[in-house]
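K.L.:
Okay, predicted coordinates and the sequence, questions at the end:
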2 protein chains.
Amino acid sequence: MQKRYSPGRACRAEEVPYWDVDTDVAIVGFGAAGSCAAIEARQAGVRVDIFEVASAPGGSASLSGGEVYVGGNGGTDVQREAGFEDSTEDFRRYLMMAGGPAADAERVGLYAEHGVEHFGWLREQGVPFKGTYLPGKWIEPVSDDTLLWSGSEKAWPFSAEARPAPRGHTVQFEGWGGGKLLMEKLSERALALGATAHYDSRALCLVVEEDGSVCGLVVRSQGEERFVRARHGVVLAAGGFIGNAAMVERFAPAAKVCTQLVTGGNDDGSGIRMGISVGAATLNMQEFFATIPFFPPASLVKGIFVNERGQRFINEDAYHGRVAHHVLRQPNGRAWLLVDNEIFGRPMLQEDIEIAAVGESWTEIAEELGLPAGELEHTVAEFNRHAAAGSDPLLRKDAEWLRPLSEPPFAALSYCLDSLEAHAFTLGGLATRPSGEVLDADGNPIAGLYAAGRTACGLPRWGEGYSSGLSLGDSTFFGRMAGRTAAART
Amino acid sequence: MQKRYSPGRACRAEEVPYWDVDTDVAIVGFGAAGSCAAIEARQAGVRVDIFEVASAPGGSASLSGGEVYVGGNGGTDVQREAGFEDSTEDFRRYLMMAGGPAADAERVGLYAEHGVEHFGWLREQGVPFKGTYLPGKWIEPVSDDTLLWSGSEKAWPFSAEARPAPRGHTVQFEGWGGGKLLMEKLSERALALGATAHYDSRALCLVVEEDGSVCGLVVRSQGEERFVRARHGVVLAAGGFIGNAAMVERFAPAAKVCTQLVTGGNDDGSGIRMGISVGAATLNMQEFFATIPFFPPASLVKGIFVNERGQRFINEDAYHGRVAHHVLRQPNGRAWLLVDNEIFGRPMLQEDIEIAAVGESWTEIAEELGLPAGELEHTVAEFNRHAAAGSDPLLRKDAEWLRPLSEPPFAALSYCLDSLEAHAFTLGGLATRPSGEVLDADGNPIAGLYAAGRTACGLPRWGEGYSSGLSLGDSTFFGRMAGRTAAART
């Protein structure tokens, strides 16, 4: 064929010479959202074909920690056994705060109501959760315990509005990497239920009918274009766009400072671009998850971040991704973590972090950093004075993490843009209803088109409010919804 | 007709029963961008029809101050006569900083290179600029002088990177309202050149050919749908979306705190929605211009803003819109302007601003505001100490605005969200090339579709970097480009 297909431009049904595949629901991407969409659509009794650009299922979820953020309804059995009660209302409030200015009350409400049920469903698919509690503050699990504090639940302002509970439910796995097991189970299940997977198959563009409804896909596999008819519709579950530098430049330029891309390799934004090609609106394209792994050791959380004005700006006990967003936006991209001898330790995940200053007094540190005279000293003195009394009136860091920084030598670890290695993935995507229906600019559904996971703008839509497990929770839950809605379309 | 048309869904050419109007270039919106597009397209010799939803030309530009931000090439004659030199490189650097993380180097370079020429062109169209200089710091002109400092040129960090020059060139008019005269001149010129204007005509949707190119419009006027064939293409110059509450909620939720909408009444986002309907990408939809008119009197600029932590956060001599964005994002939406007896005055544009605290000492003020003990006192003491010496090491406010706040009584004016009246309009819009060509998600032009003004994401694309006159400068300059590009399409 001479004609070139591109995600940004849909193909018209009249131009399709023949159909290579005739199915009911075509799913683009065999990751977390795609596999759950497939399971539900198969259980609804329709034909399902999945097109995956990689040679195996898993997507970016398979490189994750396998953590799912759920709670509510009094708590999952895992939460309850560990002694935590978690009301739907607390869960809902937390998620609304986590959603930031663009929080979607309908989506949040649905997820809060059905979180426990969804957790049960994941286990029914064969995903193992050991069900034991790992206390403390971690970025990644270190044992095969599966219930973690994985967000800002215990940190202000979240703790003031919603009763805290640990909600990170991690797949049973020793250390980091439970996502692989999660995805093995979910993809096996989709296949066992009769979904057909096509690997090494790149979705090139959508196919649209005269009335604008989506009726198929053009896919490239083994060097050839293949035409896929999807009688009920297409589910876009192709991930985000952190792997596409041109898209990051255009749509989320602030994420360019992050050098560590959180992706399985195929978050090229093609799903989002395919949606745009048929008139879909996008939401929050500028937003991204970012983190700087400034701890463990957890003792570092007792340090304080300051900017080039010598001012504090964030309670350091908030979720590391929330702290990171605040660090990244400081004037001139300059910030340091101040520690004393007692709490100092090399950050385990970025051991080579630059130590920008060491000194016997805070004045020495301030001078070495070139900060305005007196500011840093005042900031530390006030922090210390209050910390000794167990309070932090300025930023309300929890008493658990408060102690004066008073044992010399003192040090400043550099979290200036030129020293840090920030990790990122994108949170913006297609506008959808919780049902998975993709919406046009007027807010009306585009017939035959569904999206979930990072191709959609889902539950996690604010970098500052992210919590570990939100993306997987969202992808699996709303992936199911999208699969079900697509299957039901006649 | 039974069928309903909507901006979010394009109509196919096959569905058009007949053409009511047959033209070369159809322009949606007779505001700043639309009139300039019409002038250029007519001068290129093609037929031009303009569809304006209001009963007269002007758009939102006619309610503006009629200020155009231009400079470079050594300066306009107006700048040079007032004694200001302005190199293209300084102008370019300033505009790049003003564009923020999403600054578009190509667009900025073109505008910096041709700003002086464009200013001449505006005069050639009959727009009067008296050409005299108004020194001082103003939000709105108070005389009929026409050259103003209208941005953050003299404020850090802009002043450190680009040599300052006043670049706000205002239409000759006594006080506020030069936009009306500007638009009278531009629209008269477009009509005199033979453009046909259709008033009370609402563009309902675009019409597309089988190959995806745009070939016309459906318009509603006098209660009927009318079909417009545009042989060269359609220019969308229909303004932004600040007047569409549902769109603000979806796309720019942070702007919801602004109660004063800067619009002529028709910034309903329909131009942007029409672009999305045919596969256009959007950029920076979350961004908006916002301002809080905390001065004049200019003496208030000598006050200092603090947040609920008692910390300063912005050099108050920056452009008022830049200050406003920093105020709006403070923790819990709480900020106050601290003044002493000598500089105090009621803000002229919001006279009823709440005075949250008055006292003989800063400790009294801090207590009344409920701030952490000692912080406000420290902040003011350090500010005063440095201000007395003419410096501001923390935020680098210019010496011109520095004096100690030491004459009691002291006061705190409330700029907390519940007291302020912030003004806003949107800065996000369709992705375009500087030529006006609208781009799809892959970055390729959509044949026959052009956009300019606030329907496009143009030169002003960062609330924090806005300067008065940027939107009109952008709309008129890139409106011309869009008109020319559309006319040249065969």
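P.N.:
Looks like it came in fine.
K.L.:
Up against chain B, what does the stretch 151-300 of chain A have?
P.N.:
A:157, A:210, A:212, A:246, A:250-251, A:253-254, A:256, A:269, A:272-273, A:276-286 (C-beta under 8 Å from any C-beta of the partner chain). In short, each C-beta sits where N, CA and C put it, glycine included.
K.L.:
Among the residues you listed, which are located in helices?
P.N.:
A:246, A:250-251, A:272-273, A:276-277 (DSSP state H).
K.L.:
just to revisit the earlier point, of the residues of the stretch 151-300 of chain A next to chain B, select the buried ones using a ChimeraX command.
P.N.:
Selection command for ChimeraX covering only the buried members of those, criterion 16 or more other C-beta atoms under 10 Å in any protein chain shown:
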select /A:212,250,251,253,254,269,272,273,276,277,278,279,280,281,282,283,284,285,286
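K.L.:
so which of the ones in helices among the residues of the stretch 151-300 of chain A next to chain B would you say is closest to A:Ala105?
P.N.:
A:Ile272 (23.5 Å; C-beta to C-beta).
K.L.:
Skip the chain neighbours and tell me the closest residue to A:Gln222.
P.N.:
Nearest non-adjacent residue to A:Gln222, counting by C-beta to C-beta, 6 or more residues apart in numbering or on different chains: A:Asp200, 7.2 Å away.
K.L.:
ok, now which ones touch the one you found?
P.N.:
A:52-55, A:221-222 (C-beta atoms under 8 Å, 6 or more residues apart in numbering or on different chains).
K.L.:
follow-up on the earlier one: including pLDDT and distance to A:Val127, could the ones in helices among the residues of the stretch 151-300 of chain A next to chain B go into TSV?
P.N.:
Below are these laid out as TSV (pLDDT from 0 to 100; distance: C-beta to C-beta, whole Å):
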residue	pLDDT	distance to A:Val127
A:Ala246	97	36
A:Arg250	97	36
A:Phe251	98	33
A:Ile272	98	27
A:Arg273	98	31
A:Ile276	98	33
A:Ser277	98	34
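K.L.:
and the residue of the stretch 101-250 of chain A found nearest chain B, what pLDDT?
P.N.:
In the stretch 101-250 of chain A, the residue found nearest to chain B is A:Pro101; the distance is 4.2 Å by C-beta to the nearest C-beta. Looking at A:Pro101, its pLDDT is 93.
K.L.:
what residues are up against the closest residue to it other than its chain neighbours?
P.N.:
Among residues not flanking A:Pro101 along the chain, B:Pro253 sits closest, at 4.2 Å (C-beta to C-beta, 6+ apart). Neighbouring residues of B:Pro253 by C-beta under 8 Å, 6+ apart: A:101-102, B:286.
K.L.:
just A:Phe295 next, same as before
P.N.:
By C-beta under 8 Å, 6+ apart, the neighbours of A:Phe295 are A:137, A:139, A:301, A:320, A:347-348.
K.L.:
now it: how far from A:Tyr319?
P.N.:
From A:Phe295 over to A:Tyr319 the distance is 11 Å, taken as C-beta to C-beta, to the nearest Å.
K.L.:
for A:Val21, same thing?
P.N.:
43 Å.
K.L.:
So if I had to pick from these two, which one is more boxed in?
P.N.:
Neighbours were counted for A:Val21 and for A:Tyr319 using other C-beta atoms under 10 Å in any protein chain shown; A:Tyr319 has more, 25 against 19.
K.L.:
Surely the more buried one and A:Leu148 touch.
P.N.:
No. Counting by C-beta atoms under 8 Å, A:Tyr319 does not reach A:Leu148; the two are 11.7 Å apart.
K.L.:
excluding its backbone neighbours, what's nearest the single nearest residue of the stretch 301-450 of chain A relative to chain B?
P.N.:
Closest approach between the stretch 301-450 of chain A and chain B, counting by C-beta to the nearest C-beta: A:Asp442, at 3.2 Å. Spatial nearest neighbour of A:Asp442, chain neighbours left out: B:Gly8 (3.2 Å); criterion: C-beta to C-beta, 6+ apart.
K.L.:
give me phi/psi at the one you found?
P.N.:
phi -80, psi -10 (degrees, to the nearest 10).
K.L.:
Count the neighbours of it for me.
P.N.:
21.
K.L.:
excluding its backbone neighbours, what's nearest A:Val21?
P.N.:
A:Val228 (4.4 Å).
K.L.:
Does the one you found belong to a helix, a strand or coil?
P.N.:
Three-state call for A:Val228 (DSSP: H, G, I helix; E, B strand; the rest coil): strand.
K.L.:
Would you agree it is in contact with A:Gly216?
P.N.:
Yes. Look at A:Val228 against A:Gly216 with C-beta under 8 Å: they come within range, at 5.1 Å.
K.L.:
Look at the two and report which has more neighbours.
P.N.:
Higher neighbour count among A:Val228 and A:Gly216: A:Gly216, with 27 against 24, using other C-beta under 10 Å.
K.L.:
follow-up on the earlier one: and the residue of the stretch 301-450 of chain A closest to chain B, what pLDDT?
P.N.:
Reported pLDDT for A:Asp442: 97.
K.L.:
One more: the one 4 residues further on?
P.N.:
For A:Ile446, the model assigns a pLDDT of 98.
K.L.:
Tell me if I am right that it is in a helix.
P.N.:
No. Counting by three-state DSSP, A:Ile446 is not part of a helix but strand.
K.L.:
residues touching it, list them.
P.N.:
Neighbours of A:Ile446 in contact, by C-beta under 8 Å, 6+ apart: A:212-214, A:278-280, A:437-440.
K.L.:
So which of those are in strands?
P.N.:
A:214, A:437-439 (DSSP state E).
K.L.:
Format those residues as a markdown table; extra columns: pLDDT.
P.N.:
A markdown table is the format used below for the ones in strands among the contacts of A:Ile446 (pLDDT from 0 to 100):
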| residue | pLDDT |
| --- | --- |
| A:Val214 | 98 |
| A:Glu437 | 98 |
| A:Val438 | 98 |
| A:Leu439 | 98 |
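K.L.:
if I look at the residue lying farthest from the centre of chain A, how far off is A:Val214?
P.N.:
Distance from the C-alpha centroid of chain A, by C-alpha atoms, centre = their mean, peaks at A:Glu360 (40.8 Å). With the distance defined as C-beta to C-beta, A:Glu360 ends up 67 Å from A:Val214.
K.L.:
Identify the contacts common to A:Val228 and A:Gly216.
P.N.:
With C-beta under 8 Å, 6+ apart as the test, A:Val228 and A:Gly216 both reach A:19, A:26, A:207.
K.L.:
Kindly indicate the member of those with the most neighbours.
P.N.:
A:Ala26 (31 neighbours).
K.L.:
What segments of the stretch 351-490 of chain A are strands?
P.N.:
Taking DSSP state E, counting those that start in this stretch as the criterion, the stretch 351-490 of chain A contains strands spanning A:355-359, A:410-414, A:423-426, A:429-430, A:437-439, A:445-451.
K.L.:
Which secondary structure state does A:Thr23 sit in?
P.N.:
A:Thr23 ends up strand, using three-state DSSP.
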